[in-house]
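Novice: okay, sequence plus prediction incoming.
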Amino acid sequence: MAQAKIGIIGGSGLYKMDGLTEVEEIKIDTPFGDPSDVLIVGTLEQTRVAFLARHGRHHTFLPSEVPYRANIYAMKSLGVEYLISASAVGSLKKKVKPLDMVVPDQFIDRTKNRIATFFGDGIVAHIAFADPVCGHLAKIIGDAVASLNLPDVTLHRGGTYVCMEGPAFSTKAESHLYRSWDATIIGMTNLTEAKLAREAEIAYATLALVTDYDCWHPDHDSVTVDMVIGNLQRNAVNAQKVIQETVRRLQANPPISEAHSALKYAILTPLNHAPAATKEKLALLLSKYFA
Ligand SMILES: CSC[C@H]1O[C@H](OP(=O)(O)O)[C@H](O)[C@@H]1O
Ligand SMILES: Nc1ncnc2[nH]cnc12
């Protein structure tokens with residue numbers, strides 16, 4: 001089976017990664033069903049990386065339908081230790097403009113229709129999630145953006161990403177509510193992914209690409225898909241440059257992340273009392289904790 005230390009999940013508008021060489025398309029079966037698409041493993045900056053289109057390469061999964069568990073499990077099965085997410089987001093702050101880039105450090109959960117854990121069925125675990133992204137990886141992504149001096153792009157390090165269920169965009173009342181919470185950006189996918197990545201002991205951070213002002217701004221039209229895709233296509237080239245530079249920095253200096261031992265104190269069920277079928281299903285994540 002192919003191996004890759006670095007994973008990339010591309011969101012709306014980023015359905016492929018240019019510049020990969022020695023490319024393999026890998027179909028991975030998981031105990032949680034099929035991932036959104038085949039995983040593309042290739043070489044970038046002398047490193048094997050695995051790319052996955054979050055909504056499928058033809059954008060066929062709603063945010064609520066994305067098989068998040070299968071996606072993260074598939075990344076883990078390739079040996080991924082660092083996961084870079086590229087995502088389209090709306091801005092909840094005036095100073096965060098369309099085409100800007102944000103590397104958030106917090107999330108607020110407004111999802112209601114998805115499973116955001118690998119656990120259950122006889123094995124209970126509670127990961128710490130106070131700091132939901134890997135600070136080391138977030139810094140490397142931020143440094144990569146800063147080093148590229150991209151024209152018309154302002155970098156915002158830190159900020160809170162509201163993860164809503166969708167698929168409809170927010171009402172104005174909701175958008176104003178999130179602004180009153182001092183949230184920075186809004187999207188529909190990254191919190192779920194960040195939780196599962198943490199349970200899988202993968203360091204995770206987000207490169208958020210701002211496409212719109214959601215629907216709160218009196219001087220800007222309310223968000224539409226056209227607006228999002230139009231801006232993200234403009235952002236996609238920049239996003240790929242940032243990802244490539246992040247991979248270069250990451251492989252030169254891979255940090256030890258707290259995420260890599262997230263389950264050490266999280267599992268409450270003595271594993272010798274856990275149902276065999278659940279142990280088997282979760283062995284990829286748990287075998288290092290089997291006695
Ligand atoms: C196409 S607009 C809404 C859609 O875009 C974002 O997707 P992703 O996070 O995968 O880039 C947002 O979360 C929604 O899923
Ligand atoms: N305004 C918005 N709300 C939710 N998800 C988004 N993705 C891009 N823009 C968005």
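Specialist: Everything's here; your move. Ligands and ions are numbered 1, 2, ... in the order given.
Novice: need the contact list for Tyr204.
Specialist: Each residue near Tyr204 by C-beta atoms under 8 Å, 6 or more residues apart in numbering is listed here: 83, 85, 133-134, 137, 193-194, 197-198, 259. All C-beta spots, glycine's among them, are computed from the backbone N, C-alpha and C.
Novice: in a markdown table, list the residues you listed along with secondary structure and distance to His59.
Specialist: Listed next are these as a markdown table, based on DSSP: H, G, I helix; E, B strand; the rest coil; distance: C-beta to C-beta, whole Å:
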| residue | secondary structure | distance to His59 |
| --- | --- | --- |
| Leu83 | strand | 20 |
| Ser85 | strand | 16 |
| Val133 | coil | 25 |
| Cys134 | coil | 27 |
| Leu137 | helix | 26 |
| Glu193 | helix | 16 |
| Ala194 | helix | 21 |
| Ala197 | helix | 22 |
| Arg198 | helix | 26 |
| Ala259 | helix | 28 |
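Novice: looking at those, which is nearest Ala4?
Specialist: Nearest to Ala4 among these: Leu83, at 10.5 Å, using C-beta to C-beta.
Novice: residues in contact with Gly142?
Specialist: Neighbouring residues of Gly142 by C-beta under 8 Å, 6+ apart: 103, 155, 157.
Novice: can you tell me how far it sits from ligand 1?
Specialist: Going from Gly142 to ligand 1 by C-beta to the nearest ligand atom, to the nearest Å gives 19 Å.
Novice: three-state assignment of that residue?
Specialist: The local conformation at Gly142, judged by DSSP: H, G, I helix; E, B strand; the rest coil, is helix.
Novice: which pLDDT value goes with it?
Specialist: Note on Gly142: pLDDT of 98.
Novice: show me what counts as buried in stretch 173-193.
Specialist: Buried residues in stretch 173-193, counted by 16 or more other C-beta atoms under 10 Å: 174-175, 178-179, 183-193.
Novice: run through who's touching stretch 261-268.
Specialist: Contacts to stretch 261-268, defined as C-beta under 8 Å, 6+ apart, come from residues 123-128, 198-199, 201, 285-286, 289.
Novice: so how far is that stretch from its chain's centroid?
Specialist: How far stretch 261-268 lies from its chain's middle: 21 Å, per C-alpha atoms, centre = their mean, to the nearest Å.
Novice: could you do stretch 251-267 as well?
Specialist: Centroid separation for stretch 251-267 versus its chain: 16 Å, with C-alpha atoms, centre = their mean.
Novice: one more: stretch 218-236?
Specialist: That offset, for stretch 218-236, works out to 20 Å (C-alpha atoms, centre = their mean).
Novice: so who does Thr111 touch?
Specialist: For Thr111, the contacting residues are 64, 163-165, 191-192, by C-beta under 8 Å, 6+ apart.
Novice: quick check: which ranges of the stretch 151-291 of the chain have low pLDDT?
Specialist: The model of the stretch 151-291 of the chain has no residue with pLDDT under 70.
Novice: ligand 1 contacts on that one?
Specialist: Counting by C-beta under 6 Å from any ligand atom, the stretch 151-291 of the chain comes close to ligand 1 at 166, 187-189, 225, 228.
Novice: same thing but at 8 Å, please
Specialist: For the stretch 151-291 of the chain, the contact set with ligand 1 under C-beta under 8 Å from any ligand atom comprises 163, 166-167, 169, 187-190, 209, 211, 223, 225, 228-229, 232.
Novice: now for these, which pair is the farthest apart?
Specialist: Cys163 and Ile229 (20.0 Å).
Novice: who has more neighbours, those two?
Specialist: Between Cys163 and Ile229, Cys163 has the larger neighbour count (other C-beta atoms under 10 Å), namely 26 against 16.
Novice: shouldn't that one be in contact with Phe107?
Specialist: Yes: assessed by C-beta atoms under 8 Å, Cys163 is found in contact with Phe107 at 5.7 Å.
Novice: any common contacting residues for those two?
Specialist: Residues touching both Cys163 and Phe107 by C-beta under 8 Å, 6+ apart: 190-191.
Novice: among the residues of the stretch 151-291 of the chain next to ligand 1, which are in helices?
Specialist: Using DSSP state H, the members of these that fall in helices are 190, 225, 228-229, 232.
Novice: could you dump the residues you listed into a markdown table and include distance to Thr117?
Specialist: Putting those into a markdown table (distance: C-beta to C-beta, whole Å) gives the following:
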| residue | distance to Thr117 |
| --- | --- |
| Asn190 | 16 |
| Val225 | 30 |
| Val228 | 29 |
| Ile229 | 31 |
| Leu232 | 29 |
